[in-house]
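>>> Okay, predicted coordinates and the sequence, questions at the end:
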Amino acid sequence: MTNRRERIEMGKTMHEINNDAVYQNSPETRQKVTDLFSRQEIALLTKRSDLMGAWAIVMTWGGVALIFTLMAWVSQQPIWLAAPGIVVGMLFLAGRQLSLSIIVHDASHGTLFKTKWLNQHLTDWLCARPLWNDLSKYRDYHFIHHTRTGTDDDPDLILRNGYPTTPQSLTRKFARDLSGLVGIKYLVGRVLMDAGILNWTVTGEVTWLPQNERRWYQPIISVITESTPMLITNILLFGALYLAGYAWLYLCWVVAHLTFFMAFMRIRSMAEHAACTRNLNMFENTRTVKAGWLARALVAPIGVNYHMEHHIVASCPWFRLSTAHKMLQERGAVPVPPTYWQVLKIMGSGAQRPSVNPA
């Protein structure tokens, strides 16, 4: 994990990297982005909005409230309707949890809100902490992904390795997600990361940290300190459901996160970079995917399906990514995107695509 000093030594802050991706002939794009967009168009595409940032959060938590309301209603119906209704409710809850994660991703780029304080603090407490995430740590981690996409130093490489795989292997992966095995492993890893025993990551990659100079109680203090914001936000969520008379819905929130959310994160990760060419060209190492209403509700919230456009213009806020995609398509710069179903078929095709090592 890099700290700010190390990032400065690498030559750029995240904001400067984003600007370079727009204004310079960076090796990541292999061509000038100004050959695709005029400077006036770039100014439009990178314009941020506090109103749209607030709308993303209100829309997401409003969806959570609506889903909880419908689950509470369906639970009072006959069992043949209540049981599948609650399962479907957890499915869509996981989609809103993914939406919270994508909001955190956008805030890490400083594009969710125009106001810096709202990007950092409001988003951290309303979106990151309820999911046991940390905006500042995620930003440092994600910074490396954007500067090293398509190389062996990409920290998200573990999410794209091994694809395409066989249909049987893909089925086993999703079975582990939906059974909760991956989710439980994630929770254990999060405790160890908060304890300072594992390096902080969102990919599940295990890197043990030295403990020789630590006293026995220091990991315990670290866990308590680091997990307190998560506990506060989740106690508030549980308390709201308890006061509404449906405390059991919080269990649905947890189960959704340990099961469906993990499967949706896998789909999202596969769609973005898996089975793409291994080189530094972001027109080739990243994928945009076509998303209908169901995909947007479950695996592609907040414009995350426009991932190639995001890597091309990383300072473009979520509500302008579709515009960037349309402009690039009109200019023949990006291919026609596949659907998520087509991506899944590619991932389970069992035929490895040739990789190109970075120069």
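It's in.

>>> Okay, now the unreliable bits of the chain?
Within the chain, the ranges that satisfy pLDDT under 70 run 1-32, 351-359.

>>> One more pass at 50, please.
Across the chain, the ranges flagged by pLDDT under 50 are 1-29, 352-359.

>>> looking at it, which residue ends up farthest from its center?
Most distant from the centre of the chain: residue 78, at 36.8 Å, with distances by C-alpha atoms, centre = their mean.

>>> What distance do you get for that residue to residue 85?
For residue 78, the distance to residue 85 equals 10 Å [C-beta to C-beta, to the nearest Å]. From N, CA and C alone the C-beta is placed, and that goes for glycine too.

>>> give me the number of residues near residue 180?
17 (other C-beta atoms under 10 Å).

>>> need the contact list for it.
Going by C-beta atoms under 8 Å, 6 or more residues apart in numbering, residue 180 touches 255, 258, 259.

>>> Neighbours of the residue nearest to residue 194 when sequence neighbours are not counted, how many?
Nearest residue to residue 194 in three dimensions, chain neighbours excluded: residue 226, at 3.8 Å (C-beta to C-beta, 6 or more residues apart in numbering). Neighbour count of residue 226, defined by other C-beta under 10 Å: 19.

>>> now do residue 234
As a burial measure, residue 234 scores 18 neighbours (other C-beta under 10 Å).

>>> Phi first, then psi, for it.
When read as degrees, to the nearest 10, the backbone of residue 234 gives phi -80, psi -30.

>>> Skipping adjacent residues, who's closest to it in space?
Nearest residue to residue 234, sequence neighbours excluded (C-beta to C-beta, 6+ apart): residue 130, at 6.3 Å.

>>> Does that neighbour fall in a helix, a strand, or a coil region?
What DSSP: H, G, I helix; E, B strand; the rest coil gives for residue 130 is helix.

>>> again, but for residue 162
Here residue 162 is coil, with the state taken from three-state DSSP.

>>> Residue 68 too?
Applying three-state DSSP to residue 68 yields a three-state assignment of helix.

>>> Point out the other helices and strands that the host helix or strand of residue 188 packs with.
For residue 188, the host element (DSSP states H and E) is helix 181-194. If contacts are counted by 3 or more C-beta pairs under 8 Å, 6 or more residues apart in numbering; DSSP states H and E, helix 181-194 sits against helix 218-243, helix 249-258, helix 260-273.

>>> JSON lines for the ones you listed, including distance to residue 114?
Output for these, formatted as JSON lines (distance: least, C-beta to C-beta, whole Å):
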{"stretch": "helix 218-243", "distance to residue 114": "24"}
{"stretch": "helix 249-258", "distance to residue 114": "30"}
{"stretch": "helix 260-273", "distance to residue 114": "26"}
